[in-house]
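Enquirer: Take a look and give me a structure for this.
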Amino acid sequence: DAVYSVGGAQAIGALAYGTETVDAVQKIVGPGNPWVTAAKAEVRGEVEIDFLAGPSEILVLADDTADPEFVAADLLAQAEHDPEASVVAVTDDAAFAEEVVDATERQLAERERAETIREVLDADASGVLVARSMPEAVLFAEEYAAEHLSIQAENPEALLDRIDNAGSVFLGPYAPVAAGDYATGTNHVLPTGGGAKVHGGLSVDEFLRSSTVQRLNRDALDDLAGTVTTLAEAEGLEAHAESVRVRLQDDADSAEDTPGDSTDDAGRAGDDA
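Expert: Here you go, the predicted model:
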């Protein structure tokens, strides 16, 4: 219920520790430049954060039915973000890979941020790769765990069914990552650097928490008593076991006072009568 006009690493510090005008918070989420990310890493432990997001990255998984011009355009779009960005395409067709490289070089000349893009394309973290088969390309995509995964293939859904690790997935030739940036409605704060293997992008879940509740009646506790006391005693936690026994003490006392089986049967018969 408050908005502060402040940014950068100093905003992270203010939110984590509080100032005269900014209240300290319980959790800090969202993207930023390298200084913001470094600041989030510094305050982690003092305050909760979502995750540390690095430079932008895209992996395009494509077969020979894809349009190399589309693939090239997507690579260039992510490369213009930052000289540290990573742009990769993987395919099982060597001739198609060459077409993507040619299209990328041709389109690069027309881009306003060509200097930044060139740095990205020339870096070791970027390239057009040729796999021996599409299954191998899928395995690479699963291991890469891209922030943005674009699947441009004859049957993109079938390939997606075999991939669990991706921040946000764009299916088919008419789903550019730029649509996710600005219009499709998905959150675009996404894990990078393989982070998609362990968590998804920023979502409403970051602002929710769960609590568990259990209620047992006496019969239920009686049913579980043996399990609880056995495990507690195995761990040497006698008081844990006793916290169960004390609740069932009346049952234990009654059992000690009860005569033999025949009398017990008769008593039950009398009760029934």
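Enquirer: longest helix anywhere in this structure?
Expert: helix 218-234 (DSSP state H).
Enquirer: tell me the contacts of the residue positioned nearest the centre of the chain?
Expert: Residue closest to the average C-alpha location in the chain (C-alpha atoms, centre = their mean): residue 199, at 1.6 Å. With contact set as C-beta atoms under 8 Å, 6 or more residues apart in numbering, residue 199 has these partners: 51, 191. Every residue, glycine included, has its C-beta placed from N, CA and C.
Enquirer: how close does it sit to residue 193?
Expert: Counting by C-beta to C-beta, to the nearest Å, the gap from residue 199 to residue 193 is 12 Å.
Enquirer: Please verify my assumption that residue 228 contacts residue 240.
Expert: Yes. Here residue 228 reaches residue 240: they are 7.3 Å apart, a contact under C-beta atoms under 8 Å.
Enquirer: For residue 48, what is the enclosing helix or strand?
Expert: strand 48-49 (DSSP states H and E).
Enquirer: In its sheet, which strands sit next to the helix or strand just after that strand, and in what direction?
Expert: Heading C-terminal from strand 48-49, the first helix or strand you meet, by DSSP H and E, is strand 57-62. Neighbouring strands of strand 57-62 in its sheet, by DSSP bridges, are strand 86-91 (parallel), strand 148-152 (parallel).
Enquirer: What lies in contact with the longest one?
Expert: The reference is to strand 86-91. The contact list for strand 86-91 (C-beta under 8 Å, 6+ apart) reads 55-64, 66, 71, 75-76, 78-79, 97, 100, 120-121, 123, 125-131, 137, 140-141, 144, 146.
Enquirer: before we move on, what about the shortest one?
Expert: Counting contacts by C-beta under 8 Å, 6+ apart, the residues outside strand 148-152 that touch it are 56-63, 66-67, 70-71, 74, 78, 141, 159-160, 163, 166-173, 175-177, 180, 190.
Enquirer: just the buried members of those residues?
Expert: Using 16 or more other C-beta atoms under 10 Å as the burial test, the contacts of strand 148-152 include 56-63, 66, 70-71, 74, 78, 141, 159-160, 163, 166-170, 173, 175-177, 180, 190 as buried.
Enquirer: Filter these down to just the ones in helices.
Expert: 70-71, 74, 78, 141, 159-160, 177, 180.
Enquirer: Residue 189 is in contact with residue 53, isn't it?
Expert: Yes. The pair residue 189 and residue 53 passes the contact test of C-beta under 8 Å, sitting 6.7 Å apart.
Enquirer: which neighbours do these two share?
Expert: Contacts common to residue 189 and residue 53, judged by C-beta under 8 Å, 6+ apart, are residue 31.
Enquirer: Look at residue 41 and give its secondary structure.
Expert: Classification of residue 41 using DSSP: H, G, I helix; E, B strand; the rest coil returns helix.
Enquirer: What of residue 193?
Expert: Secondary structure, three-state DSSP: residue 193 is coil.
Enquirer: how many other residues sit next to it?
Expert: Number of residues near residue 193 (other C-beta atoms under 10 Å) recorded here: 15.
Enquirer: What distance do you get for the closest residue to it other than its chain neighbours to residue 17?
Expert: Spatial nearest neighbour of residue 193, chain neighbours left out: residue 54 (4.9 Å); criterion: C-beta to C-beta, 6 or more residues apart in numbering. Taking C-beta to C-beta as the measure, residue 54 and residue 17 are separated by 25 Å.
Enquirer: Which of these two has more residues huddled nearby?
Expert: Between residue 54 and residue 17, counted using other C-beta under 10 Å, the more crowded position is residue 54 (17 against 13).
Enquirer: where does the spatially closest residue to residue 228 that is not a sequence neighbour fall, phi/psi-wise?
Expert: Closest residue to residue 228 apart from its sequence neighbours, by C-beta to C-beta, 6+ apart: residue 244 at 5.1 Å. Main-chain torsions, residue 244, degrees, to the nearest 10: phi -90, psi -50.
Enquirer: so who does residue 244 touch?
Expert: Residues near residue 244 by C-beta under 8 Å, 6+ apart: 221, 224-225, 228-229, 232.
Enquirer: Export the residues you listed as CSV, with columns for pLDDT and distance to residue 10.
Expert: Below are the contacts of residue 244 laid out as CSV (pLDDT from 0 to 100; distance: C-beta to C-beta, whole Å):
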residue, pLDDT, distance to residue 10
221, 97, 54
224, 97, 54
225, 97, 57
228, 98, 52
229, 97, 56
232, 98, 51
